[in-house]
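S.K.: Would you be able to build a 3D model of this:
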Amino acid sequence: QVQLVESGGGLVQAGGSLRLSCAASGRTFSSSAMGWFRRPPGKEREFVATINLRTGSTYYAASIKGRFTISKDAAVNTMYLQMNSLKPEDTAVYYCAASPVRLSSIEREYPYWGQGTQVTVSS
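M.R.: Here you go, the predicted structure:
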């Protein structure tokens, strides 16, 4: 089992920045990739970004590319999502997830999930 805990969400004005963190514990060696997903109000959960834990390769959703950066710190088993130039449409509950599959944007390939952290962007 892999346990994931997100932090760093909050309320920010449009154009502002936030950094989300995801701390992993447990059988972290079983994961090849970690990712961020989000669920906007009234919508389905959607893919945001993913990172390969061994190579550092990344893949982003088109809607956030160039504004968000995913990264990891293996020494502390933590993944980050730096979010810049935030827009009201980025408002969502953000979830981190871990997968044995490399660089997947497919939700069902992530068996481990955090509880989510709320990000609200005001206009």
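
S.K.: what about the residue nearest to residue 97 when sequence neighbours are not counted, distance to residue 17?
M.R.: Excluding the flanking residues, the one nearest residue 97 by C-beta to C-beta, 6 or more residues apart in numbering is residue 110, at 3.7 Å. Where you see a C-beta, it was placed from the backbone N, CA and C, and this is true even at glycine. Computed as C-beta to C-beta, to the nearest Å, the residue 110 to residue 17 distance reads 26 Å.

S.K.: who has more neighbours, these two?
M.R.: Higher neighbour count among residue 110 and residue 17: residue 110, with 24 against 11, using other C-beta atoms under 10 Å.

S.K.: Check whether that one really touches residue 35, as I assumed.
M.R.: Yes - look at residue 110 against residue 35 with C-beta atoms under 8 Å: they come within range, at 6.3 Å.

S.K.: any idea of the mean pLDDT for stretch 16-27?
M.R.: For stretch 16-27, mean pLDDT rounds to 94.
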